[in-house]
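Trainee: I'll drop the sequence and a predicted model, then ask my questions.
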Amino acid sequence: MIGEPPEVARPTAREGRIASALARGGAWLPACVAACAALPGLAMPFLSDDWAQVEAAESGPPLRTPFGDFRPLFMATLWLDRRLAGLSPALFHLTNLVLLAATAALVVHVARRYTGDAALATGAGVLFALHPYHVESAAWIAARADPLCAALALAAALAYDRWRVEARGLPYGAILLLEGALLAKESALAVPPALILVGLLDRSRRPRAAEWARGLLPLVLLVLGHFFLLRARALSGSGRTLLGGPAWVRLLNGPGYCAAALLPADIERLVARPALWGALALLAALILLVAARLRSGSLPRESLAASGVFLVLLVPCLVGFQERYLFLPGAASAVAVAALVGAARGRAACLLGGLLAAGWGFAGALQWSDWRQAALASRCLVEDLARASERAGVGEIVIANAPHHVAGCSVAGDLRAALLLSGARPVPVRAGCYISYPRASSDDLDGPPALALRRPPPVAEVWLRVPEGPFSHFVGPRPSALGGGDEARTIETPWGAVLLEGGGAVRVRIRPGPDVGRAAYAWVSGRLQPLF
């Protein structure tokens with residue numbers, strides 16, 4: 001097992017009962033906790049990227065997502081859901097729920113395999129199941145790639161560790177499961193380095209020459225072959241990449257993920273005040289470390305090893321700062337935190353574990369509240385667009401101030417696909433500008449609608465004032481994105497113009513287009529209001 005701790009005082013009878021209860025819970029307890037935490041997702045509609053991906057899976061499982069990612073296994077699950085349930089979002093969300101529960105159970109099995117401590121493994125599984133960032137994978141069907149990839153990656157690690165006991169032949173089970181994880185999402189490439197790190201840290205798992213040749217090397221070659229042969233051939237090139245911009249910017253995501261692994265503040269709040277949340281997360285980590293050191297006489301080696309694995313698994317996630325990216329690394333961080341809590345022993349361990357569970361549970365409830373706001377906005381948006389598409393002569397719809405995110409949760413997407421899958425006429429839908437709103441009823445109009453909305457002739461004009469802060473942003477278009485310099489304040493478009501006037505003031509002008517049957521709308525108090 002990873003790093004057996006030195007001799008410490010025997011546990012009390014109460015500590016023994018707690019450990020025994022956790023051990024008896026096994027993998028079922030975390031799986032049930034994860035399923036219960038994901039239950040609100042069953043009432044969620046299709047959102048944002050869901051529309052385009054479900055539409056792409058209509059005729060058969062495609063090799064790539066509509067956004068250029070090579071994830072055929074992920075797309076195959078969407079195709080299968082659509083074959084089984086048609087266009088009912090509930091079954092799609094049920095599949096996400098099952099994957100979340102399965103991943104929590106696998107965290108227990110892998111942690112028990114590597115540490116030999118059933119109570120620690122169950123505690124890690126429960127903490128993993130409660131992490132608030134997993135709400136995104138329950139609420140958003142498009143985020144399924146992360147739990148699917150994580151479940152297969154953990155199963156691959158489990159299969160590999162069972163193979164290495166005798167190390168005969170090749171680890172075919174681990175190879176197949178790892179390839180499945182790669183076909184679900186690219187971040188599984190960190191699994192072989194994580195296995196190598198575990199082997200170097202744990203003397204009982206130190207790889208010998210035969211294991212290097214027949215076990216670890218084939219897994220590394222599999223990853224290289226997947227990216228440079230299979231993926232490149234399927235995409236006829238390198239495909240979509242998220243590696244643009246300076247590397248140091250991506251490295252700054254690392255401390256954010258480390259803080260969120262212990263103190264999972266909403267991404268918008270964490271980015272707005274990184275120093276505050278970073279300091280609070282550091283304080284929480286110090287409390288756990290001191291409690292473990294004082295109560296057990298040393299820091300548990302399981303926690304140190306799991307922290308190293310967390311950092312390795314985190315590397316592919318540095319391309320961005322998204323809650324769902326923490327899913328697979330979160331399995332390792334849950335083991336690290338559970339080991340520290342367990343090392344605190346007795347009442348201190350119960351107190352720390354209870355505080356973590358309560359805090360994460362409360363944060364998860366806040367996340368669900370935010371996603372319900374996004375769901376409300378999405379339902380109203382698609383319903384109003386469906387009615388607008390049925391108007392005689394409408395060939396194009398322009399929304400002056402379209403919602404991009406609501407309460408930090410994604411709403412914008414392929415709305416033509418949303419109309420198609422809703423049974424409405426799939427006319428093109430364009431945004432005058434995209435805005436992230438704090439609530440579904442927000443519209444950022446600069447004054448009452450009677451003053452902020454100006455109808456033709458000759459053009460429709462919407463006056464906005466967008467405050468910048470957590471959950472509230474002007475998303476675009478930006479002058480630099482369209483070739484203008486920082487001094488450019490007017491952005492011309494085929495349907496009108498966007499005027500950026502400073503201080504959050506924005507004016508959107510939409511020209512009538514009788515040749516294309518253009519209809520214009522403004523987002524007002526959570527509904528679409530016609531302009532012409």
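Mentor: The structure has been received and is ready for your questions.

Trainee: contacts for stretch 443-454?
Mentor: Here stretch 443-454 makes contact (CB atoms under 8 Å, 6 or more residues apart in numbering) with 401, 435, 437, 460-467, 472, 505, 522-526, 529, 531. In this view, the C-beta of every residue, glycine as well, is placed from N, C-alpha and C.

Trainee: in strands, which of those fall?
Mentor: Counted as lying in strands by DSSP state E, out of the contacts of stretch 443-454, are 401, 435, 437, 460-465, 505, 522-524, 529.

Trainee: let's see if you can find the most crowded of these.
Mentor: Most neighbours among the ones in strands among the contacts of stretch 443-454, by other CB atoms under 10 Å: residue 462, with 31 neighbours.

Trainee: quick check: beta-bridge partners of the nearest residue to residue 476 once chain neighbours are set aside?
Mentor: Distance criterion CB to CB, 6 or more residues apart in numbering; nearest residue to residue 476, sequence neighbours excluded, is residue 434 at 5.5 Å. Here residue 434 sits in beta bridges with residue 402, residue 476, going by DSSP bridges.

Trainee: can I assume residue 434 is in contact with residue 411?
Mentor: No - contact criterion CB atoms under 8 Å: residue 434 and residue 411 do not qualify, at 9.5 Å.

Trainee: what touches both of the two?
Mentor: Between them, residue 434 and residue 411 share these contacting residues under CB under 8 Å, 6+ apart: 403-404.

Trainee: show me which of the two is the more surrounded one.
Mentor: residue 411 (25 against 18).

Trainee: can you give me the strands for this structure?
Mentor: 396-406, 409-410, 429-437, 453-454, 460-465, 473-476, 490-493, 496-502, 505-510, 518-524, 527-530.

Trainee: of all the ones you listed, which lies closest to residue 351?
Mentor: Residue 351 sits nearest to strand 409-410 of all those, at 32.9 Å, using CB to CB.

Trainee: that closest one pairs with which strands?
Mentor: strand 396-406 (antiparallel).

Trainee: mind exporting the strand it pairs with as PDB, just the C-alpha atoms?
Mentor: The C-alpha atoms that make up strand 396-406 are tabulated as PDB, following Å, rounded to 0.1, in the frame of the first residue of the first chain:
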ATOM      1  CA  GLU A 396     -33.800  35.300 -39.700                       C
ATOM      2  CA  ILE A 397     -34.000  36.300 -36.000                       C
ATOM      3  CA  VAL A 398     -31.600  38.800 -34.300                       C
ATOM      4  CA  ILE A 399     -31.600  39.100 -30.500                       C
ATOM      5  CA  ALA A 400     -30.200  42.500 -29.500                       C
ATOM      6  CA  ASN A 401     -28.900  41.500 -26.000                       C
ATOM      7  CA  ALA A 402     -28.900  37.700 -26.000                       C
ATOM      8  CA  PRO A 403     -28.000  35.800 -22.800                       C
ATOM      9  CA  HIS A 404     -24.600  34.100 -22.900                       C
ATOM     10  CA  HIS A 405     -24.400  32.800 -19.300                       C
ATOM     11  CA  VAL A 406     -27.000  33.200 -16.600                       C
END
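
Trainee: any buried residues in that strand, and which?
Mentor: By 16 or more other CB atoms under 10 Å, the buried positions in strand 396-406 come out as 396-406.

Trainee: for stretch 45-60, same thing?
Mentor: Neighbour-count burial for stretch 45-60 flags 45-57 (criterion: 16+ other CB under 10 Å).

Trainee: biggest separation within those, which pair?
Mentor: Maximum pairwise distance among the buried residues of stretch 45-60 (CB to CB): 18.1 Å, between 45 and 56.

Trainee: endpoints of stretch 497-511, how far apart?
Mentor: One end of stretch 497-511 to the other measures 9 Å (CA to CA, to the nearest Å).

Trainee: distance between it and the chain's centre?
Mentor: Relative to its chain's centre, stretch 497-511 lies at 32 Å (CA atoms, centre = their mean, to the nearest Å).

Trainee: can you tell me what sits against it?
Mentor: When contacts are defined by CB under 8 Å, 6+ apart, stretch 497-511 is touched by residues 398, 400-401, 432-433, 446, 458-468, 474, 477, 479, 489-491, 495-496, 518, 520, 531-532.

Trainee: now with 6 Å, please.
Mentor: 398, 400, 432-433, 459-467, 489-491, 495-496, 520 (CB atoms under 6 Å, 6 or more residues apart in numbering).

Trainee: buried set for it?
Mentor: Buried positions in stretch 497-511, judged by neighbour count with 16+ other CB under 10 Å: 497-498, 500, 504, 506-511.

Trainee: can you list the weak-confidence ranges in the stretch 51-200 of the chain?
Mentor: Low-confidence segments of the stretch 51-200 of the chain (pLDDT under 70): none present.

Trainee: now the helices: where do they sit in it?
Mentor: Ranges of helices in the stretch 51-200 of the chain, per DSSP state H, counting those that start in this stretch, are 72-85, 89-115, 118-130, 135-139, 145-163, 172-184, 191-201.

Trainee: closest one to residue 338 among the ones you listed?
Mentor: Smallest distance to residue 338 across the helices of the stretch 51-200 of the chain (CB to CB): 3.9 Å, for helix 118-130.

Trainee: which secondary structure elements does the closest one contact?
Mentor: Judged by 3 or more CB pairs under 6 Å, 6 or more residues apart in numbering; DSSP states H and E, helix 118-130 is in contact with helix 13-25, helix 28-38, helix 89-115, helix 327-344, helix 346-389.

Trainee: in stretch 440-453, what's buried?
Mentor: By 16+ other CB under 10 Å, the buried positions in stretch 440-453 come out as 440-446, 452-453.

Trainee: and for stretch 112-130?
Mentor: Buried residues in stretch 112-130, counted by 16+ other CB under 10 Å: 112, 114-115, 117-130.

Trainee: by mean pLDDT, point me to the weakest helix or strand of the chain.
Mentor: helix 13-25 (a mean of 58; mean pLDDT, DSSP states H and E).

Trainee: if I look at residue 259, how far off is residue 471?
Mentor: Distance of residue 259 to residue 471, computed by CB to CB, to the nearest Å: 19 Å.

Trainee: go on, residue 522?
Mentor: Here residue 522 is placed at a distance of 20 Å from residue 471 (CB to CB).

Trainee: got it, and residue 516?
Mentor: From residue 516 across to residue 471, the span is 34 Å (CB to CB).

Trainee: who touches stretch 138-146?
Mentor: With contact meaning CB under 6 Å, 6+ apart, stretch 138-146 is reached by 38, 41, 44, 47, 49-50, 53, 71, 74, 92, 96, 136-137, 184-185, 324, 327, 371.

Trainee: ignore the last one, stretch 321-329
Mentor: By CB under 6 Å, 6+ apart, stretch 321-329 touches 133, 136-137, 143, 146, 150, 153, 253, 256-257, 267, 310, 313-314, 317.

Trainee: report the two of the residues you listed separated the most.
Mentor: 153 and 267 (23.0 Å).
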